[in-house]
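*Asks:* Provide a 3D model corresponding to the input given below.
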Amino acid sequence: MRGYVRYMDDFVLIARPKEELVRAHGCVARFLDEELQLALEDRATILAPAQQGLPFLGWRLWRRRLACGRGMPGAAPHARARSAAA
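*Replies:* Here you go, the predicted model:
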């Protein structure tokens, strides 16, 4: 697993190759079910390349960019995005 982002009950897993991400998704789903009696929402699960950007808490995340807003026009440079998220 290359990394993750979490805020309360929302999270993003970052992995390469995709098969690792699929395995991690299964492990998380099993843990939530067996240990916490919770379930992942299928409609909220996205397995996609980072090039497409990932919607997360009103932001769109890319490998080196971050954008905010409904249509999420434009993007902030990586360093600026870090200071905005802090």
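
*Asks:* next one: phi and psi at the spatially most central residue of the chain?
*Replies:* Nearest to the geometric centre of the chain sits Val12, at 2.7 Å (C-alpha atoms, centre = their mean). The phi/psi pair for Val12 (degrees, to the nearest 10) reads phi -130, psi 130.

*Asks:* Now do the contacts for it.
*Replies:* Tyr4, Val5, Arg6, Leu54, Phe56, Leu61 (C-beta atoms under 8 Å, 6 or more residues apart in numbering). Where you see a C-beta, it was placed from the backbone N, CA and C, and this is true even at glycine.

*Asks:* Can you add neighbour count and give the residues you listed back as CSV?
*Replies:* CSV is the format used below for the contacts of Val12 (neighbours: other C-beta atoms under 10 Å):
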residue, neighbour count
Tyr4, 12
Val5, 14
Arg6, 9
Leu54, 16
Phe56, 15
Leu61, 20
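
*Asks:* What is the nearest of these to Leu36?
*Replies:* Arg6 (14.8 Å; C-beta to C-beta).

*Asks:* three-state assignment of the closest one?
*Replies:* strand (DSSP: H, G, I helix; E, B strand; the rest coil).

*Asks:* what residues are up against it?
*Replies:* Counted by C-beta under 8 Å, 6+ apart, Arg6 has contacts Val12.

*Asks:* Now do the strands in the chain.
*Replies:* 3-7, 10-14, 54-56, 59-61, 65-68, 76-77 (DSSP state E).
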